[in-house]
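S.K.: build me a structure from this.
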Amino acid sequence: MKFEIFKSEKSDKFYFRLKAKNGQIILSSQGYASKTSAKNGAESVMKNAEDDSRFERKEAANGKFHFNLLAANKQIIGSSQMYASKASMENGIKSVQTNAPGATIEDLTVAS
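M.R.: Numbers count the residues shown, from 1 in each chain. As a prediction, this is how the structure comes out:
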């Protein structure tokens with residue numbers, strides 16, 4: 001697994017995403033004003049991922065499931081995709097818990 005840090009051309013903000021070995025995005029961040037802040041967000045995921053109490057499990061109005069990973073201050077660090085079942089969402093959480101702490105960080109932005 002790896003974190004990718006990238007910059008959005010539309011919003012001019014930096015983001016991170018946690019990708020599985022198969023390339024699927026498991027967790028995505030909010031927009032950050034700086035690349036350093038996005039990197040710090042990815043590092044916060046690494047620190048908080050093993051604590052199950054930091055995962056906020058949610059069911060959407062359409063019956064699909066998703067989760068947020070929260071920091072100690074209860075702010076959202078990252079959000080998942082939508083899952084068709086609760087079991088699939090739990091597998092996504094387990095994947096983050098198992099793999100995020102040892103993931104690498106890859107900077108996809110062009111050095112300025």
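
S.K.: wait, what's in contact with Phe3?
M.R.: Neighbour list for Phe3: 16-19, 42, 45, 103-106 [criterion: C-beta atoms under 8 Å, 6 or more residues apart in numbering]. C-beta coordinates here come from the backbone N, C-alpha and C atoms, glycine included.

S.K.: repeat that for Ser80.
M.R.: Residues near Ser80 by C-beta under 8 Å, 6+ apart: 26-28, 66-68, 89, 92-93, 96.

S.K.: now do Gly78
M.R.: By C-beta under 8 Å, 6+ apart, the residues touching Gly78 are 16, 18, 27-29, 41, 45, 68-69.

S.K.: ok, back up a step: now tabulate the contacts of Ser80 in TSV and tack on neighbour count.
M.R.: Formatted as TSV, the contacts of Ser80 follow (neighbours: other C-beta atoms under 10 Å):
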residue	neighbour count
Ile26	20
Leu27	27
Ser28	14
His66	16
Phe67	21
Asn68	17
Met89	22
Gly92	21
Ile93	20
Val96	25
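
S.K.: and the nearest residue in space to Ile26 that is not next to it in sequence, how many neighbours?
M.R.: Among residues not flanking Ile26 along the chain, Leu18 sits closest, at 5.0 Å (C-beta to C-beta, 6 or more residues apart in numbering). Residues lying near Leu18 (other C-beta atoms under 10 Å) number 27.

S.K.: equivalent analysis for Lys86, please.
M.R.: Lys86: 12 neighbours (other C-beta under 10 Å).

S.K.: report the beta-bridge partner residues of the nearest residue to Ile25 once chain neighbours are set aside.
M.R.: Leaving aside its sequence neighbours, Ile25 sits nearest to Arg17 (C-beta to C-beta, 6+ apart; 4.9 Å). Per DSSP bridges, the residues bridged to Arg17 are Glu4, Ser28.
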